[in-house]
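K.L.:
Here is a sequence with its predicted model. Questions after.
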Amino acid sequence: MKLRISSIVCLLVCLAWPIQALAVRFAYLPLDNGTGFPGDLAKVDTTTNSIDALIPVGVAPVAVAVSPSGARAYVVNLLAQTLSVVDTVAEATIATVPLPGGSVPTNVAVKPDGSRVYVTHGTFGNKVSVIDTATNSVIASIPVGSVPNSLALKPDGTRLYVANGGGTTVSVINTTTNAVIATVINVVPSATDVVVRADGKRVYVSGSAGISIINTTSNAVITTVFFAGGVNNLATNLAGTRLYAAQNNVIRIIDATVDTGTLLQSCMGAGSPFWLGLEADPTDTVAYAVSYFPANRMDVVDLSTCATTGTLPFGSALSFGYGSFVGSAFVPAAPTLTTTERNCQSAITSNAETYDEFIFDKLQGCLSGVLADWAANDGLLEIAHACWLDLNPAGSGTSNVKTKRDNAFADIDSACNAAGVSPAVLGNPCGQTVWLGASGIINCVLDQSKQSAEERIATQYGTACQLISAVGLEFAYSYLCPP
């Protein structure tokens, strides 16, 4: 579990775009006022290190996550078994969502587009609840591993990674289908936290033996970096170059550009705090570390000098949850876009989503037909030929995948490249800093939309690759049929 940083609204739901660093404004911390009594959510002004407001929530609040816009905070109340929905501007709880009873809700995360909230249920639960933020109601329950106690989303929102503290696994959830699509094994035991690197290519899991590094393409552990005594909590920077690890009274600064866990620096806390919560300012200048021993407080640590430059005490009320402390979310200011930039953003989003759905529908229709005709041993050649015409990326026609892609490419190119929009204002999608036409951003955007459609198909058809191979198109669908 962790101090969760709120990202800028994801400009494209299905793609992993790096997020621009912006200044921190507020942190949100759950305060427990004693067994049986409602707790508070402390709204902390990080520019003055002072409490701006105390907002009443439920009994035993243990976790909080903030929506990308910063307008809502979602607080998990352990004993009340509820989720408080807080209006951060009005500084009031505006809704209370009942969570499934008989389990222990422990942590929470918000999807980058703000449409869904995910809550882990640890002891007696072993599941993740999915909440629709439009209706503030639970719409799905996803079984995961033993004692899930921390979770993190890919920046594009397509994958949710759930660290299971009762074992050595991480459950990988497709957020479109709300289903576990992979289980990463041999993860560090007794997991305490999980974070995703800004580019979405690496996941880091802390636990009793150190930190495991996971490749999100293969969903496999690359290595485990051992730290004596384990690691309590993790944070990453928005550039994806640093990993911060809270280890009792030390913050370890680790190079995230390599998979070796190379230690760059260690910052010792003043007064021997026991840091269980950690988050780095998006500017990479300071870290916010929360402890409950020897005193409940939030420390501000200068990451260049390792000096503690500020401390905010919370008395005896600072709450901590199972596995590790769960704390604040920092809210960056939203970017301001011109009309031209908004039109470019809209063209990318709408075309990528349309292309994703088009490929999904074409694949689904093809596979359903092949499967039915295969079983009946009738008309397989005809349906195979029709699939080839529709799905072949080198084909021609008015309704095939190639034509749809060409049209989407042209529409995005017209709205963005011709208008001279700088990719920087949109978060440098696919890591590109300039529009590079067919070899750059647009093809990358459409390739990732295509993969998203393939991933959804793969969860519905266990024989997808076999069927695609039957019509001779396995070369064009690398996710379904990896080389």
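P.N.:
Cool, the structure landed.

K.L.:
in the stretch 1-150 of the chain, which segments are predicted with low confidence?
P.N.:
Filtered on pLDDT under 70, the stretch 1-150 of the chain yields the residue ranges 1-25, 35, 69.

K.L.:
just checking, residue 235 touches residue 277?
P.N.:
No - checked against CB atoms under 8 Å, the pair residue 235 and residue 277 is beyond contact range at 9.3 Å. No exception for glycine: its C-beta is placed from N, CA and C like everyone else's.

K.L.:
what about these two, which has more around it?
P.N.:
Between residue 235 and residue 277, counted using other CB atoms under 10 Å, the more crowded position is residue 277 (29 against 25).

K.L.:
and the more buried one, that one's in a strand?
P.N.:
Yes - assigned with DSSP: H, G, I helix; E, B strand; the rest coil, residue 277 falls within a strand.

K.L.:
Can you name the residues bridging to it?
P.N.:
residue 290 (DSSP bridges).

K.L.:
repeat for residue 95
P.N.:
residue 85.

K.L.:
Please give me every residue in contact with it.
P.N.:
By CB atoms under 8 Å, 6 or more residues apart in numbering, the contact list for residue 95 reads 84, 85, 136.

K.L.:
again, but for residue 217
P.N.:
Residue 217 is in contact with residue 201, counting by CB under 8 Å, 6+ apart.

K.L.:
Next: residue 140.
P.N.:
Neighbour list for residue 140: 129, 130, 178 [criterion: CB under 8 Å, 6+ apart].

K.L.:
and what of residue 211?
P.N.:
Residue 211 sits next to 188, 204, 205, 224, 225, 227, 231, 234, 243, 245, 254, 261 when contact means CB under 8 Å, 6+ apart.

K.L.:
So which of the residues you listed is the closest to residue 64?
P.N.:
Nearest to residue 64 out of the contacts of residue 211 is residue 234 (CB to CB; 16.9 Å).

K.L.:
Tell me how far the closest one lies from residue 179.
P.N.:
Residue 234 sits at a distance of 26 Å from residue 179 (criterion: CB to CB, to the nearest Å).

K.L.:
The two: who's more crowded?
P.N.:
Neighbour count, other CB under 10 Å: between residue 234 and residue 179, residue 234 has more, with 27 against 15.

K.L.:
Wait, a strand at that one?
P.N.:
Yes - if the criterion is three-state DSSP, then residue 234 is within a strand.

K.L.:
Quick check: beta-bridge partners of it?
P.N.:
Beta-bridge partners of residue 234, as defined by DSSP bridges: residue 245.

K.L.:
So for the most centrally placed residue in the chain, what's the pLDDT?
P.N.:
In the chain, the residue lying closest to the centroid (CA atoms, centre = their mean) is residue 153, at 1.4 Å. On the pLDDT scale, residue 153 is placed at 93.

K.L.:
That one touches residue 159, doesn't it?
P.N.:
Yes - contact criterion CB under 8 Å: residue 153 and residue 159 qualify, at 7.0 Å.

K.L.:
Return every residue with contacts to both of those two.
P.N.:
Taking CB under 8 Å, 6+ apart as the criterion, residue 153 and residue 159 both touch residue 175.

K.L.:
now for the helix or strand containing residue 451, which elements pack on it?
P.N.:
Following DSSP states H and E, one finds residue 451 within helix 441-460. If contacts are counted by 3 or more CB pairs under 8 Å, 6 or more residues apart in numbering; DSSP states H and E, helix 441-460 sits against strand 169-174, strand 179-184, helix 339-376, helix 401-412.

K.L.:
Go through it and flag the buried ones.
P.N.:
Within helix 441-460, the residues that count as buried by 16 or more other CB atoms under 10 Å are 441-446, 448-458.

K.L.:
What is the burial count for residue 243?
P.N.:
Neighbours around residue 243, by other CB under 10 Å: 27.

K.L.:
How about the secondary structure of it?
P.N.:
Under three-state DSSP, residue 243 comes out as strand.

K.L.:
Now do the same contact list for it.
P.N.:
With contact set as CB under 8 Å, 6+ apart, residue 243 has these partners: 195, 197, 204, 211, 234, 235, 236, 253, 254, 255, 256.
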